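**Q** Show me the folded form of this:
(4 chains)
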Number of protein chains: 2
Amino acid sequence: MIPDRSLEVLRAIVQDYIASKEPVGSKSLVERHSFGVSAATIRNDMAFLEDEELIHAPHTSAGRVPTDKGYRLFVDRLNEVKPLTVAEKHAIESFMQGSADLDDVLGRTVRLLSQLTNQVAMVQYPTLGKASVQTVELIPVTETRLLLILVTDSGRVQQHVIELGEAVDPLFIAELRAKLIGSLTGIALTAVSEKLNGFVDGFGAARIGQVNLVLETLYDQVDANRQEKIILSGTAKLARREEDFPSISPVLEAIEEQVVLLKLITEMQTDNHGVGLRIGRENTVEGLSNTSILVSGYENGGNEIAKIGVIGPTRMDYSSNISAVRAVARYLTKTLGN
Amino acid sequence: MIPDRSLEVLRAIVQDYIASKEPVGSKSLVERHSFGVSAATIRNDMAFLEDEELIHAPHTSAGRVPTDKGYRLFVDRLNEVKPLTVAEKHAIESFMQGSADLDDVLGRTVRLLSQLTNQVAMVQYPTLGKASVQTVELIPVTETRLLLILVTDSGRVQQHVIELGEAVDPLFIAELRAKLIGSLTGIALTAVSEKLNGFVDGFGAARIGQVNLVLETLYDQVDANRQEKIILSGTAKLARREEDFPSISPVLEAIEEQVVLLKLITEMQTDNHGVGLRIGRENTVEGLSNTSILVSGYENGGNEIAKIGVIGPTRMDYSSNISAVRAVARYLTKTLGN
DNA sequence: ATTGGCACTCAGAGGGCTTGAGTGCCAGAA
DNA sequence: TTCTGGCACTCAAGCCCTCTGAGTGCCAAT
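**A** Model (predicted):
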């Protein structure tokens, strides 16, 4: 077990280090905090913390810096997070004012979060979840091309142009459209392909090719709904934190690899505060070993669920950022609820 | 007038500097190139070039580095550009294989260009231009919501959800839809708002509110078509060129300011080679004073036109990059032509 | 358990020295 | 007139050395 005072010392080290970016020594520690004991005593505590691998000295005669494990303990014991300022709340409100368009809302959200936290922010597009088909549309756009539109009950709209390679008969399109709407409306996305089993049988042999093309595109769209997407904002913020990284290049590269990033945040669990956090090397992704990733979940109309979050140096202000991410996630859920 | 040999010397300096990232001196110059004269003579030429502000010495006892003006002259006199390798051509072909979907094609293109040039690549979405309305669709998605879809003859599809705030009558929607299609099909985007003058008069007073909502959204979409957009790829490539910039942070920031970037590339003229180039401070945008921007235009089905390009350090391989940008622009035009 | 004291460590700053690539200029050759 | 070899000069960058001070670990005393 870790003694109370040692915990306090750890907390103080983390705070001072976050504020100053300098390794913190026993003396400056007793100056800035009132422990009621002398520097020598603190040094003993620090020796203990070092044994526990919670802090670490960059070199012999330097102050101490929290390790990933130290940050982790600090965050886990963090029982109150810094509440947002009025200005911040106001910023959230005014930022979220706007249209009901999913792309737009998510775009605003990610910029907002980046601005609030001064970190790189990310928003994952809602995943398939329990979403179901609201409607399907089939619109001729040229002689040989159809536009297929899929609308889910969570408000997501997807469209894709299908090249049929031959002129299409408007009557046939109308029939196909009607049948599709009849079969799919209200059906869960996960059940679409099952539901369409044998669908093609209802058409004449001459049409089968075209019907199959349309169905394939439809499956693709359902899949694209599953295939997740992420948007980022504030990449430049990383660069302004240059001192925090040996080199930012691997970090930028890791962030550009959206597939990896998606996998990472998808498998992150959120705790009882509603946030998930990976500190430093807890992210097994190479290139992110000096960054922490902080996420929170949001809901889209009670159906789809996805995550938003920030990426920053391990030496970030966890307290503020946690409350910012949480607040923005909540507002996002609320906004999407309408 | 600048003597021939001096021009040759400038060319050699630019080439060596691009290759080595080191200021180049008279001695290494005569070693690597066969001018048929001695280093001392070259020094005289260099003194001349320096008077003309085409090269510049970072400090007294150092070699020379081309100035923006020097690069400019070099590029303007560049009469042959490095042709693409077979592998590169192959890469382009295979990258462009895919769907007819505009988003998808542009996404592939920008990644391709970034990969080919090893720079940050950008693709501007096609602008309004001569595009006209192919069709308009109005689809109820919930009790109170409509989905408005606008398809232009260049294959661009835009959609937006309209919240009407009250239940909608399917018959009314059908009527509105029919009238819209009747009025707008084939109409140039630029003429849409004019064409719809008085459109609302054909509806009963009770419907006017709803009709206006739909029209407003439609105008917004036409405008969104005008309001341009840009996508980027390979931002991390900048970071790997860290040495080339005093600090990459301002560069990243400038790039994130897409509005500025758009304005910049929009007003860039392309020369007879089909490419436009701004070198260093020729970009009046702060933060881009150490970068060069290289663009080329592409066409979308002969109608819309926009630009693609790369952003990199002034010390970039202009010859290769120019041919890459040109080639990709050509392929993009071709792909979109289908 | 805590403290003051003390010897010890070491990164980083600062100063001075050396090196060598590179320059500018000049007088003589072509 | 143009080119060349030679020479004195410059100066960033690398190297080594020293110094400094923040910080440590440990011990004996409280």
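**Q** need the residues of chain A near chain B, please.
**A** Within chain A, the positions adjacent to chain B are A:99-101, A:134-135, A:137, A:139-142, A:145, A:147, A:149, A:151, A:153, A:155, A:157, A:159-161, A:163, A:234-236, A:238-240, A:242, A:247-249, A:252-253, A:255-256 by CB under 8 Å from any CB of the partner chain. (Glycine included, C-beta is placed from N, CA and C.)
**Q** Report how many residues lie close to the closest residue to residue A:62 other than its chain neighbours.
**A** Nearest residue to residue A:62, sequence neighbours excluded (CB to CB, 6 or more residues apart in numbering or on different chains): residue A:23, at 4.9 Å. Applying other CB atoms under 10 Å in any protein chain shown, we find 19 residues neighbouring residue A:23.
**Q** thinking again about what came up before, give me the buried subset of the residues of chain A next to chain B.
**A** By neighbour count, with 16 or more other CB atoms under 10 Å in any protein chain shown, the residues of chain A next to chain B hold A:101, A:134-135, A:137, A:139-142, A:145, A:147, A:149, A:151, A:153, A:155, A:157, A:159-161, A:234-236, A:238-240, A:248-249, A:252-253, A:255-256 as buried.
**Q** helices and strands around the helix or strand bottoming out on mean pLDDT in chain A, which ones?
**A** The helix or strand of chain A with the poorest confidence is strand A:157-163; it has a mean of 84 (mean pLDDT, DSSP states H and E). Other helices and strands packing on strand A:157-163, by 3 or more CB pairs under 8 Å, 6 or more residues apart in numbering or on different chains; DSSP states H and E, are strand A:145-152, helix A:208-226, strand B:157-163.
**Q** chain center to that strand: distance?
**A** With CA atoms, centre = their mean, to the nearest Å as the basis, strand A:157-163 stands 27 Å off its chain's centre.
**Q** quick one: contacts of that strand?
**A** Identification of contacts with strand A:157-163 by CB atoms under 8 Å, 6 or more residues apart in numbering or on different chains yields A:102, A:141, A:144-151, A:213-214, A:217, A:220-221, A:224-225, B:99-101, B:141, B:147, B:149, B:155, B:157, B:159, B:161.
**Q** Each with direction, which strands does it pair with?
**A** Strand A:157-163 has the following sheet partners, assigned by DSSP bridges: strand A:145-152 (antiparallel).
**Q** Give the rounded mean pLDDT of the partner strand.
**A** For strand A:145-152, mean pLDDT rounds to 87.
**Q** Please apply the same query to stretch A:202-210.
**A** On average, the pLDDT along stretch A:202-210 is 86.
**Q** Also stretch A:64-72?
**A** Averaging pLDDT along stretch A:64-72 gives 97.
**Q** Tell me if that stretch is near DNA strand C.
**A** No - Stretch A:64-72 stays clear of DNA strand C (CB under 7 Å from any atom of the strand), getting no nearer than 12.2 Å.
**Q** now the angle from the least confident helix or strand of chain A to helix A:208-226?
**A** Taking axes from the mean of the first three to the mean of the last three CA atoms, to 10 degrees, one finds strand A:157-163 and helix A:208-226 inclined to each other by 150 degrees.
**Q** Could you identify the helix or strand that succeeds strand A:157-163?
**A** Once strand A:157-163 ends, the next helix or strand along the chain (criterion: DSSP states H and E) is helix A:170-184.
**Q** Run through the neighbouring helices and strands of that following helix.
**A** By 3+ CB pairs under 8 Å, 6+ apart, helix A:170-184 packs against strand A:133-140, helix A:192-195, helix A:208-226.
**Q** where does the stretch 201-338 of chain A have low pLDDT?
**A** A:227, A:301-304, A:338 (pLDDT under 70).
**Q** At which residues are the strands of it located?
**A** With DSSP state E, counting those that start in this stretch, the ranges of strands along the stretch 201-338 of chain A come out as A:230-233, A:275-279, A:291-300, A:304-313.
**Q** of these, which approaches DNA strand D most closely?
**A** For these, proximity to DNA strand D was assessed by CB to the nearest atom of the strand; strand A:304-313 is nearest, at 20.4 Å.
**Q** For the stretch 51-200 of chain A, which residues are neighbours of DNA strand C?
**A** Residues of the stretch 51-200 of chain A lying close to DNA strand C (CB under 7 Å from any atom of the strand) are A:59, A:60, A:61, A:62.
**Q** Is the first one within a helix or a strand, and which one?
**A** When secondary structure is defined using DSSP H and E, no element contains residue A:59, which sits outside every helix and strand.
**Q** And it, how close does it get to residue B:274?
**A** Distance of residue A:59 to residue B:274, given as CB to CB, to the nearest Å: 57 Å.
**Q** Neighbour count added to the residues of the stretch 51-200 of chain A next to DNA strand C, as JSON lines?
**A** Listed next are those as JSON lines, based on neighbours: other CB atoms under 10 Å in any protein chain shown:
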{"residue": "A:59", "neighbour count": "6"}
{"residue": "A:60", "neighbour count": "5"}
{"residue": "A:61", "neighbour count": "7"}
{"residue": "A:62", "neighbour count": "12"}
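**Q** Could you dump the strands of the stretch 201-338 of chain A into TSV and include mean neighbour count and distance to DNA strand C?
**A** Conversion of the strands of the stretch 201-338 of chain A to TSV gives the following (neighbours: other CB atoms under 10 Å in any protein chain shown; distance: least, CB to the nearest atom of the strand, whole Å):
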stretch	mean neighbour count	distance to DNA strand C
strand A:230-233	19	32
strand A:275-279	22	24
strand A:291-300	24	22
strand A:304-313	24	18
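**Q** Would you format these as TSV with distance to residue B:285 included?
**A** Formatted as TSV, these follow (distance: least, CB to CB, whole Å):
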stretch	distance to residue B:285
strand A:230-233	20
strand A:275-279	36
strand A:291-300	29
strand A:304-313	27
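**Q** Quote the end-to-end distance of stretch A:153-162.
**A** Stretch A:153-162 has an end-to-end distance of 23 Å (CA to CA, to the nearest Å).
**Q** Heading C-terminal from the host helix or strand of residue A:87, find the next helix or strand.
**A** For residue A:87, the host element (DSSP H and E) is helix A:86-96. Counting by DSSP H and E, the element after helix A:86-96 in chain order, helix or strand, is helix A:102-117.
**Q** Tell me the buried residues in that following helix?
**A** Buried residues in helix A:102-117 (16+ other CB under 10 Å): A:102, A:105-106, A:108-117.
**Q** okay but residue A:317 is in contact with residue A:18, surely?
**A** Yes - using CB atoms under 8 Å, residue A:317 is in contact with residue A:18, at 5.7 Å.
**Q** Tell me which of these two has more neighbours.
**A** Taking other CB under 10 Å, residue A:317 and residue A:18 do not tie; residue A:18 has more neighbours (19 against 16).
**Q** re the thing from before, now, of the helices and strands packed on helix A:170-184, which is deepest in the fold?
**A** strand A:133-140 (a mean of 21; mean count of other CB atoms under 10 Å in any protein chain shown).
**Q** got the CA positions of that one in PDB?
**A** What follows is strand A:133-140, C-alpha atoms only, in PDB (Å, rounded to 0.1, in the frame of the first residue of the first chain):
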ATOM      1  CA  VAL A 133     -33.300   1.400 -42.400                       C
ATOM      2  CA  GLN A 134     -35.600   4.400 -42.600                       C
ATOM      3  CA  THR A 135     -35.900   4.500 -46.300                       C
ATOM      4  CA  VAL A 136     -34.200   3.700 -49.500                       C
ATOM      5  CA  GLU A 137     -34.300   5.700 -52.700                       C
ATOM      6  CA  LEU A 138     -33.400   5.000 -56.200                       C
ATOM      7  CA  ILE A 139     -33.000   8.000 -58.500                       C
ATOM      8  CA  PRO A 140     -32.000   8.000 -62.200                       C
END
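**Q** what helices or strands is it leaning on?
**A** Strand A:133-140 sits against strand A:145-152, helix A:170-184, strand B:133-140, strand B:145-152, with contacts defined as 3+ CB pairs under 8 Å, 6+ apart.
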